[in-house]
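Engineer: please work out how this folds:
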Amino acid sequence: MAPSLEALFRLPRPRLPRWPRNGLSLASRGRGPHPCAVRRAEEALRILVDLTRALTERVVDLDDALQAVTDAALELFEGQHASLRILDESGSELLTGARSGEGAGMAPMRFRRGEGVAGWVIEHGALARVDDTAADPRFVRYADQGYEIGSLLAIPLFSAGRVIGCLTITSAAPRHFSPDDEVLSRLLANCAVPPLERARLQRIAITDALTGALNRSQLEPVLARAMEIARELQEPLALLSMDLDHFKRVNDEHGHAAGDAVLRVFAQRVRRLVRRRDVFIRRGGEEFVLVLPDCDLEVARAAAERVRHSMADNPIRLDDHHGPDGGPLLVDQRVSVGVALWRPDETPSELDRRADEALYAAKRKGRDRIEVAPVPEP
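Structural biologist: Numbers count the residues shown, from 1 in each chain. From the prediction side, this is the model:
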């Protein structure tokens with residue numbers, strides 16, 4: 001998935017009121033709804049309104065939109081964990097888009113269509129309320145899950161009549177969720193989907209389809225905003241300019257499909273190595289940049305070394321392409337990196353030019369290396 005701009009742009013999170021769990025009922029008792037039920041319904045409505053406002057007025061990135069939904073779900077149902085999974089382009093796998101609560105920092109899980117409760121929800125396009133996970137054959141328990149799940153609620157997300165994902169809220173206690181929670185969860189999904197789709201379309205418009213990095217048009221505005229924040233907070237800022245060495249040979253010797261696969265693997269490795277607030281951009285061809293907020297020269301150089309070692313120490317295996325011995329093709333792809341530390345009076349184009357000059361210095365000196373741009377005198 002493409003990098004989030006949330007931390008870079010300091011997007012505010014909505015503060016949602018806590019949802020009382022003791023005995024919500026929207027049904028009439030006697031002559032009308034109980035006053036407590038009315039107040040709780042009003043509170044739920046406020047949560048949904050706050051979420052909708054946050055998604056439409058303040059959230060500008062798909063990652064942030066997904067996170068706002070799971071945060072709201074966790075508050076609304078006082079769950080233990082909330083996750084939002086989106087179907088991949090093939091429609092065969094559910095990929096974790098955002099998580100809140102216990103286990104949010106663990107490695108994301110992938111579910112095949114039809115696998116587990118979330119997979120069942122996608123396959124059938126229907127809500128699932130599991131009152132006791134120990135008694136439901138659809139529930140899949142993983143050894144490294146890190147927390148116990150006693151009950152859960154899983155809601156399909158629809159767009160234009162097709163299922164696009166699943167929102168799941170879990171609780172450690174069995175029978176945590178009620179029929180009224182099913183109604184509220186559908187309202188939450190209906191509130192969330194239109195802004196999520198708008199954020200997804202915006203992501204498509206600014207994202208390189210092959211690698212998932214932001215496209216070149218975003219480099220100057222991202223740098224300009226990063227500089228504003230760095231200046232305001234008196235933080236350092238660094239830029240890495242990266243180029244895959246002798247990449248043309250891959251295309252010439254093995255074809256453009258192999259070259260595309262190498263670019264995708266490189267992008268995946270970079271995203272695994274950087275912080276969520278770092279911004280990964282494809283300049284074009286085999287050239288990429290990394291914007292590193294709050295990052296001094298030592299930390300920036302260390303980040304560049306991690307990227308270089310990720311390629312130098314791990315040849316790329318392409319199972320769909322054959323090597324000279326008839327087995328999977330192994331591509332020994334290296335990368336050169338130029339590092340530039342921002343000076344407060346520099347413009348985005350000046351910082352970009354110095355990082356690029358450092359990159360070409362690395363190329364001249366033999367490739368598969370890192371060069372640091374000298375900081376110009378004030």
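Engineer: how about the closest residue to Arg175 other than its chain neighbours, what does it touch?
Structural biologist: Closest residue to Arg175 apart from its sequence neighbours, by C-beta to C-beta, 6 or more residues apart in numbering: Asp131 at 4.7 Å. (Each C-beta comes from the backbone N, C-alpha and C, glycine too.) Residues near Asp131 by C-beta atoms under 8 Å, 6 or more residues apart in numbering: Ser151, Pro174, Arg175, Phe177.
Engineer: give the buried subset of these as a ChimeraX selection command.
Structural biologist: To isolate the buried members of the contacts of Asp131 in ChimeraX, using 16 or more other C-beta atoms under 10 Å:
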select :151,177
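Engineer: and the two most separated of the contacts of Asp131?
Structural biologist: Pairwise distances across these (C-beta to C-beta) peak at 9.9 Å, for the pair Pro174 and Phe177.
Engineer: so what's in contact with these two at the same time?
Structural biologist: In contact with both Pro174 and Phe177: Asp131, Ser151, using C-beta under 8 Å, 6+ apart.
Engineer: kindly confirm my reading that Asn251 is in a helix.
Structural biologist: Yes: using DSSP: H, G, I helix; E, B strand; the rest coil, the assignment for Asn251 is a helix.
Engineer: roughly how far apart are it and Asp260?
Structural biologist: Taking C-beta to C-beta, to the nearest Å as the measure, Asn251 falls 9 Å from Asp260.
Engineer: Val299 now?
Structural biologist: 31 Å.
Engineer: what's around Leu45, how many residues?
Structural biologist: Leu45 sits with 12 neighbouring residues when counted by other C-beta atoms under 10 Å.
Engineer: what does the one 5 residues further on give?
Structural biologist: Taking other C-beta under 10 Å as the criterion, the count of residues near Asp50 is 17.
Engineer: same check on Val49?
Structural biologist: 12.
Engineer: again, but for Lys363
Structural biologist: 15.
Engineer: could I get the contacting residues of it?
Structural biologist: Per C-beta under 8 Å, 6+ apart, neighbours of Lys363: Asp243, Asp245, Ser336.
Engineer: which positions within the helix or strand hosting it qualify as buried?
Structural biologist: For Lys363, the enclosing helix or strand under DSSP states H and E is helix 348-364. Judged by neighbour count (16+ other C-beta under 10 Å), helix 348-364 contains these buried residues: Pro348, Leu351, Asp352, Arg354, Ala355, Asp356, Ala358, Leu359, Ala361, Ala362.
Engineer: just how off-centre is that helix within its chain?
Structural biologist: Counting by C-alpha atoms, centre = their mean, to the nearest Å, helix 348-364 is centred 29 Å from the centre of its parent chain.
Engineer: list the contacts of the helix or strand just after it.
Structural biologist: Once helix 348-364 ends, the next helix or strand along the chain (criterion: DSSP H and E) is strand 370-372. Strand 370-372 is contacted from outside by 297, 301, 304-305, 308, 336-341, 358-359, 361-362, 365, using C-beta under 8 Å, 6+ apart.
Engineer: swap in 6 Å and give it another go.
Structural biologist: Ala304, Val337, Gly338, Val339, Ala358, Ala361, Ala362 (C-beta atoms under 6 Å, 6 or more residues apart in numbering).
Engineer: can you dump the C-alpha coordinates of the helix or strand harbouring the fourth one into CSV?
Structural biologist: Think Val339. Here Val339 sits within strand 335-341, counting by DSSP H and E. Below are the C-alpha coordinates for strand 335-341, written out as CSV (Å, rounded to 0.1, in the frame of the first residue of the first chain):
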residue,chain,number,x,y,z
VAL,A,335,21.0,0.7,-6.0
SER,A,336,22.9,4.0,-5.6
VAL,A,337,21.7,6.6,-3.2
GLY,A,338,22.3,10.3,-2.8
VAL,A,339,21.6,12.0,0.5
ALA,A,340,20.9,15.7,1.1
LEU,A,341,20.2,17.5,4.4
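Engineer: now Val375: which helix or strand?
Structural biologist: Short version, using DSSP H and E: Val375 is in no helix or strand.
Engineer: so how far is the first residue of stretch 119-132 from its last?
Structural biologist: 18 Å (C-alpha to C-alpha, to the nearest Å).
Engineer: that stretch: which residues count as buried?
Structural biologist: Using 16+ other C-beta under 10 Å as the test for burial, stretch 119-132 gives Gly119, Trp120, Val121, Ile122, Leu127, Ala128, Arg129, Val130.
Engineer: hang on, the earlier thing: so how far is Pro194 from the residue nearest to Arg175?
Structural biologist: Counting by C-beta to C-beta, the gap from Asp131 to Pro194 is 31 Å.
Engineer: likewise Phe266?
Structural biologist: Taken as C-beta to C-beta, the span from Phe266 to Pro194 is 35 Å.
Engineer: over to Arg369?
Structural biologist: Distance from Arg369 to Pro194, by C-beta to C-beta: 48 Å.
Engineer: next one: Pro236
Structural biologist: According to C-beta to C-beta, Pro236 stands 39 Å off from Pro194.
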